[in-house]
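**Student:** using only what follows, build the 3D model:
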Amino acid sequence: MGHIKSTYKYFTVILIGLFIFLLDYYGLADPVTNEVLLFVLSIAKAAYFIFFVFQTIKETAHKEFFFHEFMSFVVVSILLVIVSFAIDYYCLFRISSDSFAGTIPKENIITEFISFIYYSISVFTTAGFGDIKPNSTNAQIFVSMELMIAFFFTILVIANITHIRSSYSRTVKKP
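**Tutor:** Numbers count the residues shown, from 1 in each chain. Below you'll find the model as predicted:
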């Protein structure tokens, strides 16, 4: 339950990303200011996520946990990272549509955003199909940050694999 409580920080980051989107959408700030805000937020978010993963590894190294608790923490964290970066990608695309190249439908906001959810999933999983690609320096930096976070989440799972296995075996043995 503690990991669910810690996700408020992720949601805060997502809300700040939505705020930047709204600034751009309603033209309340110039595009350069929006891009700088988005860049600073994204760098801070990536640093926080990496710190959070290392902190979690440190905490779980000497503590018993249950399989379902750890897996729910990992799943919620990954989904929040994916959604958070999808918002960043979408905001960057709205600020400067040439930040990304490829097949991004421009029918409405929903289809555009779904394209960036799909793109964020492909970046996080390192599938990288190539149908959408970063075209600007900021977009390349954002993608690199998401890839680093995905790498650290992979390390988190690998570092805790023996705990996961023993927790799972305790769960299965119970009648």
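
**Student:** and the host helix or strand of V81, what does it pack against?
**Tutor:** Assigned by DSSP states H and E, V81 belongs to helix 67-95. In terms of contacts (3 or more CB pairs under 8 Å, 6 or more residues apart in numbering; DSSP states H and E), helix 67-95 is packed against helix 2-6, helix 8-25, helix 31-60, strand 100-102, helix 109-124, helix 137-159, helix 161-173. Where C-beta positions appear, they are placed from N, C-alpha and C, glycine not excepted.

**Student:** I'd like to know which of the ones you listed lies nearest to E69.
**Tutor:** helix 2-6 (6.9 Å; CB to CB).

**Student:** related to what we said a few turns ago, would CSV of the helices and strands packed on helix 67-95 with distance to L80 and mean pLDDT be doable?
**Tutor:** Supplementary listing: these in CSV, determined by distance: least, CB to CB, whole Å; pLDDT from 0 to 100:
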stretch, distance to L80, mean pLDDT
helix 2-6, 10, 56
helix 8-25, 4, 72
helix 31-60, 9, 79
strand 100-102, 22, 91
helix 109-124, 11, 92
helix 137-159, 11, 85
helix 161-173, 20, 62
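
**Student:** what's the closest of these to S72?
**Tutor:** Using CB to CB, the nearest of the helices and strands packed on helix 67-95 to S72 is helix 2-6, at 6.9 Å.

**Student:** measure the residue lying closest to F124 once chain neighbours are set aside to V157 for me?
**Tutor:** Leaving out its chain neighbours, the residue that sits closest to F124 by CB to CB, 6 or more residues apart in numbering is A150, at 4.6 Å. From A150 across to V157, the span is 11 Å (CB to CB, to the nearest Å).

**Student:** who's in contact with the spatially most central residue of the chain?
**Tutor:** The centre of the chain sits closest to V81, judged by CA atoms, centre = their mean, with a distance of 1.8 Å. Going by CB atoms under 8 Å, 6 or more residues apart in numbering, V81 touches 10, 49, 124, 146, 149-150, 153.
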